[in-house]
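Student: model the following, please.
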Amino acid sequence: MTDVHTPERTVPTRASRLRRHGLRWAALIALSAGGWALGESIGLTAAGLFAALIVAAALVVTGWGPSRVPHPLGKLAQGVLASAVGLMVHRETIAALGSLWVPVVSIAAATLVISVAAGALLALHRDVDAVTGSLAMTAGGATGLVAMARELGGDDRIVAVVQYLRVALVVVSMPMIVTFGFRADTGTGTATATDGGAEWYVTLPFLALFIVGGTAVASLLRLPAPATLGPLAVSAGFELGGWSDAVSVPPMLMTAALILIGWQAGLAFDRASLRAIGRILPYAALLTLLVGAACAGLGILLAHLTGASLLEAYLATTPGGLAAVLAVSASTSSNVTFVAAAQVLRLVIMLITTPIMAKAFAHFSSRRRRA
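Tutor: You can find the predicted model right below:
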């Protein structure tokens, strides 16, 4: 009688599972850091988020990615990003608008309406729901919208890809439009240096207050995306009240938050979602170009209403790429204060109203399905 020896199945031990888990995180961190450094060297907008998104998606599709970002870290990253936006609402910048704040806010509201219409059109695609469409097509606040997408019930993978398609198109096209369309001399302006703000040990207690306190209050009020809207409102209130003039988010903390948001979206990818995004992308690109053209039209209207130059109004209404917009504005001797105030107001309006409108879209869509 011949014994038949069957190979024994090796059961992974706890130590081997931990080692494999650690190697996956190490690969994700190392490759994301390298991608961030490369992106920074070529001036890529939100390089940390973009690199982390690409690296995480590539690793997870090939079976080498970790399962997900721990939930508390995702919430913390949202709070850091929201606090950074809130601290941009400087009293001096807003006050500099004077009587022009009415047309500036009106143009921002019109941009929101255009974004909502584009989102509704994107949601007609079979791979996009109403919440995802509205978040993906909002013209401004890309990092914040990606951060809150999952919390609002949207697909943060689609939101991330479409939002950064918009940012890429804006950042690439804007210098060419300014140089060849407006014949602007980009070498005459000077960007003013800003101080680095308070030391980290002064900044961190403020950030803890903004994030923990703001999230708690927003949760009690049952606001949508409390981890974003709460810190945004509290930090903006402190900034406008003059209680946090020297406070700013440390650059490395901001980079870490962007990387976490990129991982959160990237680790949710799979082959099916990549195919779906491939189907959506041409449609989304066309809508993005139409939104950009509509914003340029609003820029002409803003110039007429405020007396600003066409170049300043174009920069003030450009749908995204805030850092690049301000850099171009400074290099062309434009009114940087006006451009910054208009861009920051639009950014805050988008981040506050978009979650509310996304929830309304979801409620309306669910009622229509039930009917």
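Student: from memory residue 292 sits against residue 171, does it?
Tutor: No: using Cβ atoms under 8 Å as the test, residue 292 is too far from residue 171 to be in contact (11.8 Å). C-beta: built from backbone N, CA, C; applies to glycine.
Student: list the contacts for the closest residue to residue 214 other than its chain neighbours?
Tutor: With sequence-adjacent residues excluded and distances taken as Cβ to Cβ, 6 or more residues apart in numbering, residue 214 is closest to residue 230, at 3.2 Å. Shown in contact with residue 230 (Cβ atoms under 8 Å, 6 or more residues apart in numbering): 79, 82, 213-219, 223.
Student: list the buried ones in the helix or strand hosting residue 230?
Tutor: Following DSSP states H and E, one finds residue 230 within helix 226-241. By 16 or more other Cβ atoms under 10 Å, the buried positions in helix 226-241 come out as 226-236, 238-239.
Student: save those as CSV, and put in pLDDT and distance to residue 139 too.
Tutor: Formatted as CSV, these follow (pLDDT from 0 to 100; distance: Cβ to Cβ, whole Å):
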residue, pLDDT, distance to residue 139
226, 89, 24
227, 88, 23
228, 87, 18
229, 87, 19
230, 91, 24
231, 92, 22
232, 90, 18
233, 90, 21
234, 94, 25
235, 92, 23
236, 89, 20
238, 91, 27
239, 88, 24
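Student: quick one: the helices in the stretch 151-300 of the chain?
Tutor: 156-176, 200-208, 214-220, 226-241, 251-266, 271-306 (DSSP state H, counting those that start in this stretch).
Student: least confident secondary structure element in the protein?
Tutor: Lowest by mean pLDDT, DSSP states H and E among the helices and strands of the chain is helix 322-331, with a mean of 75.
Student: using CSV, write out every CA atom in the helix holding residue 230.
Tutor: Taking C-alpha atoms only, helix 226-241 is exported to CSV below (Å, rounded to 0.1, in the frame of the first residue of the first chain):
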residue,chain,number,x,y,z
PRO,A,226,-18.9,67.7,10.6
ALA,A,227,-15.2,66.8,10.5
THR,A,228,-14.8,69.5,7.8
LEU,A,229,-17.5,72.1,8.4
GLY,A,230,-16.9,72.3,12.2
PRO,A,231,-13.1,73.0,12.1
LEU,A,232,-13.6,75.3,9.1
ALA,A,233,-16.2,77.5,10.9
VAL,A,234,-14.3,77.6,14.2
SER,A,235,-10.9,78.4,12.6
ALA,A,236,-12.5,81.1,10.4
GLY,A,237,-14.2,82.6,13.4
PHE,A,238,-11.0,82.7,15.4
GLU,A,239,-9.2,84.3,12.4
LEU,A,240,-11.9,86.9,11.8
GLY,A,241,-12.0,87.7,15.6
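Student: quick one: it to helix 200-208, angle?
Tutor: 120 degrees (axes from the mean of the first three to the mean of the last three Cα atoms, to 10 degrees).
Student: who wins for neighbours among the contacts of residue 230?
Tutor: In terms of neighbour count, residue 82 stands highest of the contacts of residue 230 at 33 neighbours, by other Cβ atoms under 10 Å.
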